[in-house]
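# curious how this folds, go ahead:
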Amino acid sequence: MNRKSLNLPFRHHNMSFLVTQLLILIPRNNAGSINRCPLRPTSDSIHRPPLILGHRGASFHLPEHTLPSYRLALELGADYIEPDLVPTKSGELIAMHSVDLNGTTNVHDYNNGQFRDRARQSEANSNEWGYYVHDFTYEEIQLLRVKQRVAESGARSSAYDLMFSIPTFSQIVNLLHDWNTRELPLIGRPSKVGGVAGIYVELKRSQFFEKDANISIADLFLDELANHDKASELLFDHVTLCEGLKYDEYRVPPLVVQSFDGATLEYLRTMFKQRWEDFVNEDAVFLEGIVSNETSTVAEDEINHPWIPPLVLLVDHTQCRQNEFWFMVAKYHISGIGPDKSCLLPSEIDVNENKHSHIERSKKEAREWVAKAHSEKLAVHPWTLRLEMESKGQTGGVPSYFSSAEEEIRYYYCELKVDGIFTENIAIAQIVGNEGCDTQQLSTTSKWPIVGKGGQVCVDEESNLWFFGLAFMALGVFVGSIITCFVWSCASKGYFEGAIGTTRRVSLPLPEVDTSVDDDEGHDVL
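Numbers count the residues shown, from 1 in each chain. As a prediction, this is how the structure comes out:
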């Protein structure tokens, strides 16, 4: 029996017993019908815009990785909030983008330099100096305050700097649980193609922590999930949400885990299969015949091990262009890929030199890249959309190829047909998603769902504009020739004589011409 179930109320145990007795009567082959919601909808009947992934919360508006930032992302309609998790010296997981606290906190200046003696070099981090997070206890971390990380652009407000503390993973789970169970019902439940918001976790720098401090961030993550009193209900007990959904309904998976390290994802998959009783309270549902430790594919995991969350492999701009990239991806049991958005964009050199043919070729390769991922049943979630225009002092913003963030995100949504986007401004992704796509202006040849008006998904008919243009021209010439011949034939036979709006042609006598010479004019007749 699940160790958590020992703490359940007596009434729950009675219900669990009844459910067990009922499930015994269910034929074994029906057990496999239990299924979690897939990361990428597989039905053509699912009509919704791509997923909106709140990158470190609503980090354009508020300092990243803070509870107010996550809360604002939820209020603005994000499908997921995305915390980066790193460990403290005392073993708690906290939300922080970097392993160095100096990037987004006041650690250097706190209390007149109280922690300055903690700065050190790390061989595991290329001998760079930093205030490494795992050198600080949780109590010390709580003394620090967070500031806006992307301050140099001037587009983001610093009014909230040093107001918020660094949250723990446990606090983020509590925030999401309260939002989904308490606040969300008061403001209207989500549509049938959305579902409650989820959490999209990134485990940061697994190999660094192993090498520098012998810390397994994956094991800390699993332990926190197992010990949190609300994690099971929020992230695991409703893995069967998709069981009763209709063909045109969809729910986002409650938990997604991402990492740049494929080995970490494989380890998590194995441990979720082995430790499933640590995460699932409703153990009566998972009877013999459902639980299996045999080798299985990702698709089989969704049925036989529905508590394994979708796993996403993050890739940078160098990995995605390697010849062996897809062979590497095939080794992992993953549900999606999170590419650096530069994997899907023309090079800066081609754009600056206005090499049109190179740009079009890059766009074609990007469409094929996404289509290849889809053919492998992998979701594609590129990162990251920012409002600021990219410049020498501001990297990661809107590339010079686009005039605005709206144009950039429409490219990902409508031309590449990605399944979701990491964005630091939730509203802009919502606006473009609701506007939809003009299918007449797409230069793509693949038939994948794209955003439609009002949350509907338009499906671009697989077509070639040149082909259809020539086809219609030929048809027009053919029909025109037939009509011309018909009219000419009828006219020559007099079928149109007397018809309304026509004039009958008759022969008229020639006028008489006076050929006599008028001597008074003095002109010769020629």
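# the stretch 201-350 of the chain: helices as residue ranges?
Taking DSSP state H, counting those that start in this stretch as the test, the helices found in the stretch 201-350 of the chain are 206-213, 217-227, 231, 262-274, 276-279, 298-304, 325-330, 348-352.
# one more: the stretch 51-200 of the chain?
With DSSP H, counting those that start in this stretch as the criterion, the stretch 51-200 of the chain has helices at 67-76, 138-141, 169-178, 184-187.
# follow-up on the earlier one: so which of the helices of the stretch 201-350 of the chain is the most packed in?
helix 231 (a mean of 23; mean count of other CB atoms under 10 Å). Where C-beta positions appear, they are placed from N, C-alpha and C, glycine not excepted.
# neighbouring contacts of that one?
Here helix 231 makes contact (CB atoms under 8 Å, 6 or more residues apart in numbering) with 173, 224-225, 279.
# contact partners for P346?
358-359, 362-363, 401.
# any low-confidence regions in the stretch 251-400 of the chain?
281-304, 392-394 (pLDDT under 70).
# all strands of it, in order?
Under the criterion DSSP state E, counting those that start in this stretch, the stretch 251-400 of the chain contains strands at 255-259, 311-315, 336-339, 379-380.
# quick check: angle from the first one to strand 311-315?
Going back to what we said before, that points to strand 255-259. Going by axes from the mean of the first three to the mean of the last three CA atoms, to 10 degrees, strand 255-259 is angled at 30 degrees with respect to strand 311-315.
# can you redo the helices of the stretch 51-200 of the chain as TSV with distance to N125 and mean neighbour count?
Conversion of the helices of the stretch 51-200 of the chain to TSV gives the following (distance: least, CB to CB, whole Å; neighbours: other CB atoms under 10 Å):
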stretch	distance to N125	mean neighbour count
helix 67-76	26	21
helix 138-141	19	16
helix 169-178	22	20
helix 184-187	40	10
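# quick one: closest of the ones you listed to L220.
Closest approach to L220 among these (CB to CB): helix 169-178, 9.0 Å.
# C-alpha coordinates for stretch 419-427, CSV please?
Provided in CSV are the C-alpha atoms of stretch 419-427 (Å, rounded to 0.1, in the frame of the first residue of the first chain):
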residue,chain,number,x,y,z
ASP,A,419,2.7,23.3,-30.4
GLY,A,420,3.6,25.9,-27.7
ILE,A,421,5.9,28.8,-27.0
PHE,A,422,7.9,30.0,-24.0
THR,A,423,7.1,33.6,-23.6
GLU,A,424,7.9,36.3,-21.0
ASN,A,425,4.8,38.3,-22.0
ILE,A,426,1.7,36.2,-21.7
ALA,A,427,-0.6,38.8,-23.2
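# who touches that stretch?
With CB under 8 Å, 6+ apart, stretch 419-427 has contacts from 39-40, 50-56, 58-61, 64, 72-73, 76-79, 82, 336, 338, 379-387, 405, 409, 412-413, 429.
# what is the neighbour count of G154?
10 (other CB atoms under 10 Å).
# again, but for V201
27.
# what sits against it?
With contact set as CB under 8 Å, 6+ apart, V201 has these partners: 82-83, 85, 169, 221, 255-258.
# and if you look at R120?
Contacts of R120 (CB under 8 Å, 6+ apart): 129-130, 132, 135.
# could you identify the buried members of those residues?
130, 132, 135 (16 or more other CB atoms under 10 Å).
# want to throw those residues into TSV with distance to N102 and pLDDT?
Output for the buried ones among the contacts of R120, formatted as TSV (distance: CB to CB, whole Å; pLDDT from 0 to 100):
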residue	distance to N102	pLDDT
G130	6	96
Y132	10	97
D135	12	97
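# and which of the residues you listed is nearest A159?
Checking those against A159 with CB to CB, the nearest one is G130 at 27.2 Å.
# isn't that closest one up against V107?
No - taking contacts as CB atoms under 8 Å, G130 lies outside contact range of V107: 9.6 Å.
# what do those two both touch?
Joint contacts of G130 and V107 (CB under 8 Å, 6+ apart) are L101.
# quick one: the helices of the stretch 201-350 of the chain as TSV, columns for distance to G154 too.
What follows is the helices of the stretch 201-350 of the chain, written out as TSV (distance: least, CB to CB, whole Å):
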stretch	distance to G154
helix 206-213	32
helix 217-227	35
helix 231	40
helix 262-274	37
helix 276-279	45
helix 298-304	44
helix 325-330	37
helix 348-352	22
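# can you tell which of these is closest to V418?
helix 325-330 (16.3 Å).
# minimum distance to E92: which of the helices of the stretch 201-350 of the chain has it?
With CB to CB as the yardstick, what comes closest out of the helices of the stretch 201-350 of the chain is helix 217-227 (8.1 Å).
# in terms of secondary structure, what does that closest one contact?
strand 84-87, strand 93-95, helix 169-178, strand 198-203, helix 206-213, helix 262-274, helix 276-279 (3 or more CB pairs under 8 Å, 6 or more residues apart in numbering; DSSP states H and E).
# check which element follows that helix along the chain.
Per DSSP states H and E, the first helix or strand lying C-terminal to helix 217-227 is helix 231.
# just to revisit the earlier point, right, so of the helices of the stretch 201-350 of the chain, which gets closest to S165?
In terms of CB to CB, the element of the helices of the stretch 201-350 of the chain nearest to S165 is helix 217-227, at 18.4 Å.
# could you report the neighbour count for R48?
Neighbour tally, R48, other CB under 10 Å: 21.
# measure stretch 225-236 end to end?
One end of stretch 225-236 sits 10 Å from the other (CA to CA, to the nearest Å).
# which among the contacts of stretch 419-427 count as buried?
Buried, going by 16+ other CB under 10 Å: 39-40, 50-56, 58-61, 64, 72-73, 76-79, 82, 336, 338, 379-387, 405, 409, 412-413, 429, out of the contacts of stretch 419-427.
# ok, V201 to H47 distance?
Using CB to CB, to the nearest Å, V201 is found at 28 Å from H47.
# also Q319?
To H47, Q319 is 33 Å away according to CB to CB.
# which of those two has more residues huddled nearby?
H47 (20 against 17).
# helices of the stretch 351-500 of the chain, residue ranges please.
Using DSSP H, counting those that start in this stretch, the helices of the stretch 351-500 of the chain run over residues 356-375, 405-410, 426-435, 465-492.
# next, the angle from the third one to helix 67-76.
With the same axes, to 10 degrees as the criterion, the two stretches helix 426-435 and helix 67-76 enclose an angle of 20 degrees.
# buried stuff in helix 426-435?
Using 16+ other CB under 10 Å as the test for burial, helix 426-435 gives 426, 428-430, 432-433, 435.
# ditto for the first one
Going by neighbour count (16+ other CB under 10 Å), the buried part of helix 356-375 is 359, 362-363, 366-367, 369-371, 373-374.
# dump that helix to PDB, keeping only the CA atoms.
Listed next in PDB are the C-alpha coordinates belonging to helix 356-375 (Å, rounded to 0.1, in the frame of the first residue of the first chain):
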ATOM      1  CA  HIS A 356      16.600  36.200 -49.900                       C
ATOM      2  CA  SER A 357      17.200  32.700 -51.300                       C
ATOM      3  CA  HIS A 358      19.200  31.700 -48.100                       C
ATOM      4  CA  ILE A 359      16.400  33.100 -45.900                       C
ATOM      5  CA  GLU A 360      13.700  31.200 -47.800                       C
ATOM      6  CA  ARG A 361      15.800  28.000 -47.600                       C
ATOM      7  CA  SER A 362      16.200  28.500 -43.800                       C
ATOM      8  CA  LYS A 363      12.500  28.900 -43.400                       C
ATOM      9  CA  LYS A 364      11.900  25.800 -45.400                       C
ATOM     10  CA  GLU A 365      14.400  23.800 -43.300                       C
ATOM     11  CA  ALA A 366      12.600  25.100 -40.200                       C
ATOM     12  CA  ARG A 367       9.200  23.900 -41.400                       C
ATOM     13  CA  GLU A 368      10.700  20.500 -42.200                       C
ATOM     14  CA  TRP A 369      12.400  20.400 -38.800                       C
ATOM     15  CA  VAL A 370       9.100  20.900 -37.000                       C
ATOM     16  CA  ALA A 371       7.300  18.500 -39.300                       C
ATOM     17  CA  LYS A 372      10.000  15.900 -38.600                       C
ATOM     18  CA  ALA A 373       9.400  16.300 -34.800                       C
ATOM     19  CA  HIS A 374       5.600  15.900 -35.400                       C
ATOM     20  CA  SER A 375       6.100  12.800 -37.500                       C
END
